[in-house]
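Visitor: sequence and computational prediction follow.
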Amino acid sequence: MIFRQMFDRDSSTYTYLIAQRESGEAILVDPVITQVPQYLQLLNELGLGLVIAIDTHIHADHVTGLGALRDETLCAVVMGEHTKADCVNYKVREGEQLKAGDISMEVIYTPGHTDDSYSFLLGNRGLTGDTLLIRGTGRTDFQNGDPAAQYNSLFNKLLKLPGDTLVYPAHDYNGMTVSTIGEERQHNPRLQVGSEQEYVDLMNGLDLEDPKLMDIAVPSNLACGLVP
Ligand code: FE
């Protein structure tokens, strides 16, 4: 299997290319519109055909590449069933296996950062979106964010995965690329809380500025990154 982590410097976003060398079928997770030419070049160089492009949630900090990729490759655009985007071809739900050729990813509904946040489990790799970051968690103060829901997604779903499950987040702002569930359980400062209420108070006290691109990115991303 091919598994590649790509980085968009402007938004500190990680995009993942997952593909089967034999069948040539590929999935892109959380593509960024400005990087689409690079993804297309890499797919071409590796002899891969893009079958599915998926976002873990509606992003507020960058414009998604979903629509541009569909225009270029005729791939299916997929998001979770709670998405408000009206441009997706197929919506996945909790417990479902998202498949492309021999690639199979388990869909886990992990709301909290937004109400449409999903994570994907590919073998021992967890693509945790903005729900679980490395030594952090996604903010919960806009787009129907809900710290209590995020506590449940973290403590009753993601942190129950085996400790050696690899954590591949949608962003990192500190240069980290991968972690494990066990490492995050132990060292992630947001996860050292004794109760749901303690987590809610922690998240509600963050007082963060809105992302610079939010007013552009959210409406655009509801249309898969094309002009709304
Ligand atoms: Fe996000």
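Guide: Alright, I've got the coordinates. Numbers count the residues shown, from 1 in each chain.
Visitor: and the helices in the protein?
Guide: Secondary structure of the chain (DSSP state H): helices located at 36-45, 66-73, 147-155, 181-187, 196-204, 214-221.
Visitor: and the residue lying farthest from the centre of the chain, what are its phi and psi?
Guide: No residue in the chain sits farther from the centre than residue 194, which is 26.7 Å out by Cα atoms, centre = their mean. Here the main-chain torsion angles of residue 194 (degrees, to the nearest 10) amount to phi -90, psi -10.
Visitor: make 606 the first number, not 1, from now on.
Guide: Got it, first residue is 606 now, which makes that one residue 799.
Visitor: distance of it relative to residue 613?
Guide: In this structure, residue 799 and residue 613 are 36 Å apart, going by Cβ to Cβ, to the nearest Å. Glycine gets a C-beta too; all of them are placed from N, C-alpha and C.
Visitor: residue 647 too?
Guide: When Cβ to Cβ is applied, the distance between residue 647 and residue 613 equals 14 Å.
Visitor: list residues touching both of the two?
Guide: The overlap between the contact sets of residue 647 and residue 613 (Cβ atoms under 8 Å, 6 or more residues apart in numbering) is empty.
Visitor: neighbours around residue 740, how many?
Guide: Counted by other Cβ atoms under 10 Å, the residues lying close to residue 740 total 17.
Visitor: no wait, residue 709
Guide: Under the criterion other Cβ under 10 Å, the count of neighbours that residue 709 has is 12.
Visitor: so who does it touch?
Guide: Under the criterion of Cβ under 8 Å, 6+ apart, the neighbours of residue 709 are 702, 703, 727.
Visitor: now swap in residue 714 and tell me
Guide: 685, 687, 698, 699, 722, 723, 758.
Visitor: can you check residue 634 too?
Guide: Neighbour list for residue 634: 620, 621, 623, 659, 660, 661, 725, 732 [criterion: Cβ under 8 Å, 6+ apart].
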